[in-house]
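> Sequence plus the predicted model coming up.
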Amino acid sequence: MQKKYEEVVAWIRGELREGRLKQGDKLPSENTLQVRFGVSRQTIRKALSVLEEEQIVRSVRGSGTYIEIGKQKRQRSMRIAVMTTYVDVYIFPLIVKEIERVLSDEGYFLQLAVSNNAIEKERMILKDFIRERSIDGLIAETTKSGIPNPNLKLYKELERMGVPILFINSFYPELDIAHVSLNDRAAGRMVTQHLLDCGHINIAGIFKADDGQGHQRYAGYVDALMDADIKVKGKQVVWIDSDEIAEMRDDCSRILKRIKGCTACVCYNDEVANKLVGICMDQGIRIPDDLSIVGIDNSDLSRFCEIPFTSADNPVQELGKIAAEMMLDKIQGIGDIETVELMPDLVMRNSVKVITHI
């Protein structure tokens, strides 16, 4: 008498013979197969295990089981790719250095790739990873995650190949892939609340439009204002994209027009805050007497700016450490990998005028 798991195996083989399943196709979920055959999950897993041993299917953790006839398991290269938008500026060196330290301690090499926050460059890098099949895992910073991205199917292809992926700093909401980042909404709320606590009511904001972090930090800004029963005024919010940050001084008239009448401004990050400090100094706007400024990330820019400014700390070294450890766990199949969002701390400097004492 044919065993239950053998019925499942026979059905899948039959589907292959009839052409209803072909190379690369994803099998129905375990739950669907359980219902179809009226068997337990253990029986389904036994059937899939038999087919995997015969090199007919391959299971991808967190993704599903795929038809991959005759494909051998790839030997580990002991190489983990880290793809960031930038590498030698701002907070990125500290993140990369910490990831490399953890990976190196476990005998892995770091393969660094830089997208320059360009979707086409990200696409080229991902295609190289797929073609070369030389990495054991990918820690990736998203590219312009606030707008539609045509490269998501390449991430799915890497997952289908068995390459574990982890996002840092932000994530693509369309993909079910864990990420490690600052809790950006909490950071936006924290710096805005600090301004409210200091007595500011008319609070402007400058946020990045083309990445998810900008949207989340704006959401935190809105949360704090609404909780204080303060109307969110769209005319007091400036939206900029990645390319426009470098040109903020050239666009100072638009920015100053939007924040006119405000006593304080929440900046998307320290880079934006640093640029705003420069604009204010050029225009004779005194900080904090005329305008209070806060940033996010607590980078070197916040400490060594001509006017050091208050910022929400982004624990980037901890972020790098956790990301590397999570990737190692994913490669080794240790437990379920879940998203980690780190809470910020407020680092106060002399860029905020106290209208009413905290």
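Yep, it's here.
> With just CA atoms, put stretch 117-125 into PDB.
What follows is stretch 117-125, C-alpha atoms only, in PDB (Å, rounded to 0.1, in the frame of the first residue of the first chain):
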ATOM      1  CA  ASN A 117      21.600  55.500  -4.400                       C
ATOM      2  CA  ALA A 118      20.900  54.900  -8.100                       C
ATOM      3  CA  ILE A 119      18.200  52.400  -9.100                       C
ATOM      4  CA  GLU A 120      20.100  51.400 -12.300                       C
ATOM      5  CA  LYS A 121      23.400  50.800 -10.300                       C
ATOM      6  CA  GLU A 122      21.500  48.700  -7.800                       C
ATOM      7  CA  ARG A 123      20.000  46.700 -10.700                       C
ATOM      8  CA  MET A 124      23.500  46.100 -12.200                       C
ATOM      9  CA  ILE A 125      24.900  44.900  -8.800                       C
END
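> Give me the contacts around that stretch.
When contacts are defined by CB atoms under 8 Å, 6 or more residues apart in numbering, stretch 117-125 is touched by residues 83, 85-86, 113-115, 143-144, 149-151, 154, 242. For the C-beta atoms, the positions are set from N, CA and C on the backbone; glycine is no exception.
> now, which of those sits nearest Glu338?
Closest to Glu338 out of the contacts of stretch 117-125 is Met83 (21.4 Å), distances taken as CB to CB.
> So the closest one versus Met161, what's the distance?
Remark: distance between Met83 and Met161 (CB to CB, to the nearest Å) = 16 Å.
> Pick out whichever of the two has more residues nearby.
Neighbours per residue (other CB atoms under 10 Å) separate Met83 from Met161, with Met83 holding more: 23 against 17.
> a strand runs through that one, doesn't it?
Yes. Assigned with DSSP: H, G, I helix; E, B strand; the rest coil, Met83 falls within a strand.
> That one is in contact with Ile135, isn't it?
No. Taking contacts as CB atoms under 8 Å, Met83 lies outside contact range of Ile135: 10.2 Å.
> what are the ranges of the helices in the chain?
In the chain, the helices defined using DSSP state H lie at 4-17, 30-37, 41-53, 92-105, 119-132, 152-160, 184-197, 212-227, 242-245, 252-259, 270-283, 300-304, 316-332.
> Among those, show me which one is buried the most.
The highest average neighbour count among those, using mean count of other CB atoms under 10 Å, belongs to helix 184-197 at a mean of 23.
> CA atoms only for it, dumped as CSV, please.
This file holds the C-alpha atoms of helix 184-197, laid out as CSV (Å, rounded to 0.1, in the frame of the first residue of the first chain):
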residue,chain,number,x,y,z
ASP,A,184,12.6,56.4,12.1
ARG,A,185,9.1,57.3,13.2
ALA,A,186,10.2,57.4,16.8
ALA,A,187,13.2,59.5,15.9
GLY,A,188,11.0,62.0,14.0
ARG,A,189,8.6,62.1,16.9
MET,A,190,11.4,62.5,19.5
VAL,A,191,13.0,65.6,18.0
THR,A,192,9.7,67.2,17.3
GLN,A,193,8.5,66.6,20.9
HIS,A,194,11.7,68.1,22.2
LEU,A,195,10.9,71.3,20.3
LEU,A,196,7.4,71.3,21.6
ASP,A,197,8.7,70.8,25.2
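> just to revisit the earlier point, as TSV, the helices of the chain with distance to Ser63 would be great.
Listed next are the helices of the chain as TSV, based on distance: least, CB to CB, whole Å:
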stretch	distance to Ser63
helix 4-17	18
helix 30-37	12
helix 41-53	13
helix 92-105	23
helix 119-132	15
helix 152-160	5
helix 184-197	27
helix 212-227	22
helix 242-245	30
helix 252-259	44
helix 270-283	36
helix 300-304	39
helix 316-332	12
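> Turn the ones you listed into CSV, columns for mean pLDDT and distance to Ala204.
Listed next are the helices of the chain as CSV, based on pLDDT from 0 to 100; distance: least, CB to CB, whole Å:
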stretch, mean pLDDT, distance to Ala204
helix 4-17, 88, 60
helix 30-37, 91, 50
helix 41-53, 87, 55
helix 92-105, 95, 28
helix 119-132, 95, 30
helix 152-160, 92, 34
helix 184-197, 98, 10
helix 212-227, 98, 10
helix 242-245, 91, 16
helix 252-259, 95, 4
helix 270-283, 96, 10
helix 300-304, 95, 18
helix 316-332, 94, 27
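> which residues does the residue nearest to Val266 when sequence neighbours are not counted contact?
Leaving out its chain neighbours, the residue that sits closest to Val266 by CB to CB, 6 or more residues apart in numbering is Gly205, at 4.5 Å. Neighbouring residues of Gly205 by CB under 8 Å, 6+ apart: Thr192, Tyr218, Tyr221, Gln236, Val237, Val238, Cys265, Val266, Cys267.
> What is the nearest of these to Val57?
Closest to Val57, out of all of the contacts of Gly205 and judged by CB to CB, is Tyr218, at 44.5 Å.
> From Met281, how far off is the residue lying closest to the closest one once chain neighbours are set aside?
For Tyr218, ignoring the flanking residues on the chain, the nearest one in space by CB to CB, 6+ apart is Phe207 at 4.4 Å. Distance of Phe207 to Met281, given as CB to CB: 22 Å.
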